[in-house]
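S.K.: sequence plus predicted model, see below.
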Amino acid sequence: MALLVLAPLAGCSVGGDGSVEAVSAVDVKPLVRLPGTEAVDPNLPITVTAERGGRLTDVTVTGPDGRQVTGKLADDQRSWQSVGRLAAGTRYLIRVAADDGDGGRGETVGSLTTATGQARLTAELGPDANHSGVYGVGQPLTVKLSQPIKDPAARQEVERSLTVVSDPAVTGSWYWVDDSNLHFRPKEYWPAHASIKFGFDRPGGRIADGLYAGDAVTRTIRTGDRVEVLIDAAAHYLTYRRNGEVVNTIPVTTGKPGFSTRNGIKVVLGQEADVRMKSETIGIAADSPDAFDTDVKWATRVTWSGEYVHAAPWSLSSQGVENISHGCTGMSTANAKWFFDETRIGDVVQVVNSLGRMMEPFGNGFGDWNIAWSEWTKHSSLGRTVETSGRADEAGAVGTLLPQV
């Protein structure tokens, strides 16, 4: 039996007919049975029972975060049982009000600590909060789990442990890329100048038998202006839009036949003011006529396989005229410097009318936006979308799950 502490009640109460009934404060400790205090199995419900003719009038179980565990009192008021999930390795405070059936009432207080889970699932969140945490409107949120999750029910528990809150609110959904990685994106691009807070924050929560959520982790980021870049490989021009308005058009050259630039929507991954590009890194032999080994200025990366938007002063005569690159988008040094300065990680770059294949959805950068929304939502284990209503600076806020439409 857990440690019980008497807390006297008031000396009278109002009866059902409006009369005042005398109530005596009694020690109800002998009337209440609680579960053990240590190493309680978190998979089992908390049960409180009344003995020796006593009745339970109120039971409250509270975790360290102040949240109450849902429970149900039996119709005969002789027992109460939790129905909400318990976290592993967590101390719960139990408050019980009871009467002895003879006009005496009192309160007792106990506690229990659930057993630590056999294994902990942790999560690594992306993107990293660099650049003061400001990203373009195309930036997906990513979660990398510490171990693969294959079971559908366990995947649902993982999603229940993930929260996304933004201001302004959006409708979004999680996508299981594989057994260990999830991405979150809205139906449309993020709003400009939005605040976004997301996290894996149900420490101790049961994921599967013997597996529990590890320490909570959260990340807060912001979006900047809505920057959308359109590269037309057939017209050989790049159009740069900021918040819907055309700011600049730049003559470019893209990938020549056999090295055509990928079509589709990509997201800026990073920027390097000076990078050495070697053809061997993309599978071109050193003795090939297409081999190159060049120092390149003002390079904005859009795929992990080496596709950049960068300065290409050696191709000035072809820019705006023909495609002669090995897959990158080349422009003058001055234009590349301007593009570099006006662009940030997470901005959207779309290529159209190229002879190349489509951008991969995953694995070579962020091709998430090339997946239709109706298809994207099918890869949520809960089969639901998330309404990210709330303020991103409110601790503990949770996006609202909506039925999938």
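M.R.: Looks like it came in fine.

S.K.: which residues touch stretch 231-250?
M.R.: Under the contact criterion Cβ atoms under 8 Å, 6 or more residues apart in numbering, stretch 231-250 has outside partners 192, 225-230, 251-255, 260-261, 263, 309, 319-323, 329, 331, 335, 338-339, 342, 349-356. To be clear about C-beta, it is placed using only N, CA and C from the backbone, and glycine gets the same treatment.

S.K.: so which residues of the stretch 51-200 of the chain form helices?
M.R.: Under the criterion DSSP state H, counting those that start in this stretch, the stretch 51-200 of the chain contains helices at 152-160.

S.K.: quick one, strands of it?
M.R.: In the stretch 51-200 of the chain, the strands defined using DSSP state E, counting those that start in this stretch lie at 55-62, 71-73, 79-82, 91-99, 104-113, 119-121, 123-126, 134-135, 141-145, 162-167, 171-176, 181-186, 195-200.

S.K.: between the ones you listed, which gets nearest to residue 298?
M.R.: For residue 298, the closest of those is strand 134-135, at 19.9 Å, according to Cβ to Cβ.

S.K.: ok, and what's touching the closest one?
M.R.: 127, 221-224, 344-346.

S.K.: residues in contact with residue 148?
M.R.: Counted by Cβ under 8 Å, 6+ apart, residue 148 has contacts 178-180.

S.K.: from residue 120, how far off is the nearest residue to residue 329 once chain neighbours are set aside?
M.R.: Nearest residue to residue 329 in three dimensions, chain neighbours excluded: residue 309, at 4.5 Å (Cβ to Cβ, 6 or more residues apart in numbering). In this view, residue 309 and residue 120 are 42 Å apart by Cβ to Cβ, to the nearest Å.

S.K.: ok, the two, which is more surrounded?
M.R.: More neighbours surround residue 309 than the other of residue 309 and residue 120, with 29 against 18 (other Cβ atoms under 10 Å).

S.K.: that one and residue 299 touch, don't they?
M.R.: Yes: when contacts are counted by Cβ atoms under 8 Å, residue 309 is listed as touching residue 299 (7.5 Å).

S.K.: which residues sit against stretch 313-328?
M.R.: For stretch 313-328, the external contacting residues (Cβ under 8 Å, 6+ apart) are 233, 236-237, 251-257, 259-262, 279, 282, 284, 290, 292, 306-310, 312, 330-333, 356.

S.K.: and these, which are buried?
M.R.: Neighbour-count burial (16 or more other Cβ atoms under 10 Å) applied to the contacts of stretch 313-328 gives 233, 236, 251-256, 259-262, 279, 284, 306-310, 312, 330-332, 356.

S.K.: among the residues you listed, which lie within strands?
M.R.: Mapping the buried ones among the contacts of stretch 313-328 onto strands (DSSP state E) picks out 251, 308-310, 330-331.

S.K.: which one of the residues you listed is nearest residue 39?
M.R.: residue 308 (56.1 Å).

S.K.: now the helices for the stretch 201-350 of the chain?
M.R.: Under DSSP H, counting those that start in this stretch, the stretch 201-350 of the chain gives helices at 333-342.

S.K.: any low-confidence regions in it?
M.R.: 279-280, 282, 285-287, 291-292 (pLDDT under 70).

S.K.: what about 90?
M.R.: When residues are selected by pLDDT under 90, those of the stretch 201-350 of the chain lie in 202-206, 209-210, 215, 258, 275-295.

S.K.: now swap in the stretch 1-150 of the chain and tell me
M.R.: In the stretch 1-150 of the chain (pLDDT under 90), the answer is 1-44, 51-53, 65, 67, 84-90, 100-104, 114-119, 128-133.

S.K.: one more time with 70, if that's ok
M.R.: Looking along the stretch 1-150 of the chain with the criterion set at pLDDT under 70, you get 1-23, 129-132.

S.K.: distance to residue 363 for the strands of the stretch 51-200 of the chain - can I get that in a markdown table?
M.R.: Formatted as a markdown table, the strands of the stretch 51-200 of the chain follow (distance: least, Cβ to Cβ, whole Å):
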| stretch | distance to residue 363 |
| --- | --- |
| strand 55-62 | 45 |
| strand 71-73 | 46 |
| strand 79-82 | 43 |
| strand 91-99 | 43 |
| strand 104-113 | 43 |
| strand 119-121 | 23 |
| strand 123-126 | 14 |
| strand 134-135 | 20 |
| strand 141-145 | 12 |
| strand 162-167 | 22 |
| strand 171-176 | 13 |
| strand 181-186 | 10 |
| strand 195-200 | 22 |
